[in-house]
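**Q** Based on what follows, work out the 3D shape:
(one chain, ligands or ions: 2)
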Amino acid sequence: MFSIAVAGKGGTGKTTLSALIIRNFLKSNKRPILAVDADPNSNLNEALGVEIDRTLVSIVDKIMEKKEDIPAGVTKERLLEYHLQDALIESEGFDLLVMGHTEGPGCYCAANNLLKDFMEKLRENYPYLVMDNEAGMEHLSRRTTRDVDTLLIAANPTLVSLKSARRIYEMTQKLKLKIKKAYLVLIENQPDSKLEEEIDIGLPVLGNIPYDEEIKKCSIKGTPLLDLPTNSLALQSVEEVIKKLKI
Ligand SMILES: Nc1ncnc2c1ncn2[C@@H]1O[C@H](COP(=O)(O)OP(=O)(O)O)[C@@H](O)[C@H]1O
Ligand SMILES: [Mg+2]
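**A** Ligands and ions are numbered 1, 2, ... in the order given. Next comes the predicted model:
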């Protein structure tokens with residue numbers, strides 16, 4: 001299994017980058033992909049054109065808070081183990097797993113262990129994993145997902161954004177996450193947002209994603225990025241970026 005995690009401050013273009021990577025994988029027959037939306041404020045499903053009616057956390061909550069309807073002799077943990085699979089939303093070439101809000105009313109320690117086991121099992125079932133993370137990387141830090149082959153930190157070409165990318169990188173170092181390689185991906189999510197000069201933040205730059213009017217259009221109309229025209233500038237540069245990873 002090859003895993004890519006995308007991190008960065010909100011609004012930098014993480015979800016867009018994740019969706020374009022998924023689209024690139026699908027095109028080059030790198031499938032099945034497990035797409036993980038680990039940002040509670042995220043909308044990876046919209047970028048991928050998938051309807052969602054459940055999250056992993058909603059399934060855990062529902063079962064752990066259930067007071068009746070559990071057959072005699074069956075523990076909640078056992079029932080949960082059985083239903084975790086329901087969290088996977090199947091689509092063409094990829095399955096989407098939406099983590100959901102992590103702050104539940106109780107602490108389900110047993111459930112957390114089940115979640116870890118579940119994620120481990122998933123890693124065995126999919127050759128590719130693309131994970132859209134929240135800025136604080138809660139799920140990575142809770143170790144629901146262990147090692148990551150490639151961490152892509154999305155940043156916009158502004159000093160503020162680059163500094164924030166640096167902080168996120170430092171955080172991953174402190175958490176002692178097993179990340180094989182980390183890179184910066186510069187995303188011009190505004191027109192004319194090119195950097196005046198190169199700023200080195202101690203992370204190799206894997207590539208630049210230029211501003212793309214087609215992406216803005218999708219975002220305004222709410223159309224999935226999987227339907228972007230193939231001549232999209234951003235899509236083409238994601239292809240260049242992915243090539244460098246030599247997956
Ligand atoms: N290459 C790009 N060209 C134009 N707009 C972009 C590009 N990348 C991202 N955007 C826009 O920037 C905004 C934030 O992107 P999004 O992927 O939702 O960020 P995040 O997931 O980091 O919060 C969205 O409106 C998106 O359409
Ligand atoms: Mg997002």
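**Q** so who does residue 203 touch?
**A** 153, 165-166, 169, 182-184 (CB atoms under 8 Å, 6 or more residues apart in numbering). All C-beta atoms are positioned from the backbone trio N, CA, C, and that covers glycine.
**Q** ok, now how distant is the one residue sitting closest to the centre of the chain from residue 200?
**A** Nearest to the centroid of the C-alpha atoms of the chain, with distances taken as CA atoms, centre = their mean, sits residue 132, at 1.5 Å. Residue 132 sits 27 Å away from residue 200, going by CB to CB, to the nearest Å.
**Q** Isn't residue 87 up against residue 97?
**A** Yes: Residue 87 is within contact range of residue 97, at 5.8 Å (criterion: CB atoms under 8 Å).
**Q** Look at the residue in the chain sticking out farthest from the centre and report its pLDDT.
**A** Using CA atoms, centre = their mean, the residue of the chain lying farthest from its centre is residue 72. It sits 38.3 Å away. pLDDT for residue 72: 81.
**Q** What residues does this protein have near ligand 1?
**A** Applying CB under 6 Å from any ligand atom, we find that the chain lies next to ligand 1 at 8, 10-16, 154, 187-189, 209, 211-212, 215-216, 219, 234.
**Q** returning to what we had before: among the contacts of residue 203, which ones are in helices?
**A** Among the contacts of residue 203, DSSP state H puts 165-166, 169 in helices.
**Q** CSV for these, including pLDDT and neighbour count?
**A** CSV is the format used below for these (pLDDT from 0 to 100; neighbours: other CB atoms under 10 Å):
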residue, pLDDT, neighbour count
165, 93, 23
166, 93, 17
169, 90, 20
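**Q** Of these, which ones also sit close to ligand 2?
**A** Among the ones in helices among the contacts of residue 203, proximity to ligand 2 is found for none (CB under 5 Å from the ion).
**Q** Turn those residues into TSV, including distance to residue 79.
**A** Putting these into TSV (distance: CB to CB, whole Å) gives the following:
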residue	distance to residue 79
165	42
166	44
169	40
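**Q** just curious, which of those is nearest to residue 60?
**A** residue 169 (30.4 Å; CB to CB).
**Q** The closest one against residue 182, yeah?
**A** Yes: under the criterion of CB under 8 Å, residue 169 makes contact with residue 182 at 6.0 Å.
**Q** Which neighbours do those two have in common?
**A** Counting by CB under 8 Å, 6+ apart, the residues touching both residue 169 and residue 182 are 153, 203.
**Q** For the chain, what lies in contact range of ligand 2?
**A** Contact residues (CB under 5 Å from the ion) of the chain with ligand 2: 14-15, 42.
**Q** 6 Å instead, please
**A** Within the chain, the residues that sit near ligand 2 (CB under 6 Å from the ion) are 14-15, 39, 42.
**Q** Is it correct that the residue nearest to the centre of the chain falls within a helix?
**A** No: assessed with DSSP: H, G, I helix; E, B strand; the rest coil, residue 132 is strand; it does not lie in a helix.
**Q** mind listing what residue 41 touches?
**A** Contacts of residue 41 (CB under 8 Å, 6+ apart): 10, 134.
**Q** Mark which of the residues of the chain next to ligand 1 are buried, thanks.
**A** By neighbour count, with 16 or more other CB atoms under 10 Å, those hold 8, 12-16, 154, 187-189, 209, 211-212, 215, 219, 234 as buried.
**Q** now, among the residues you listed, which is nearest to residue 33?
**A** residue 15 (15.3 Å).
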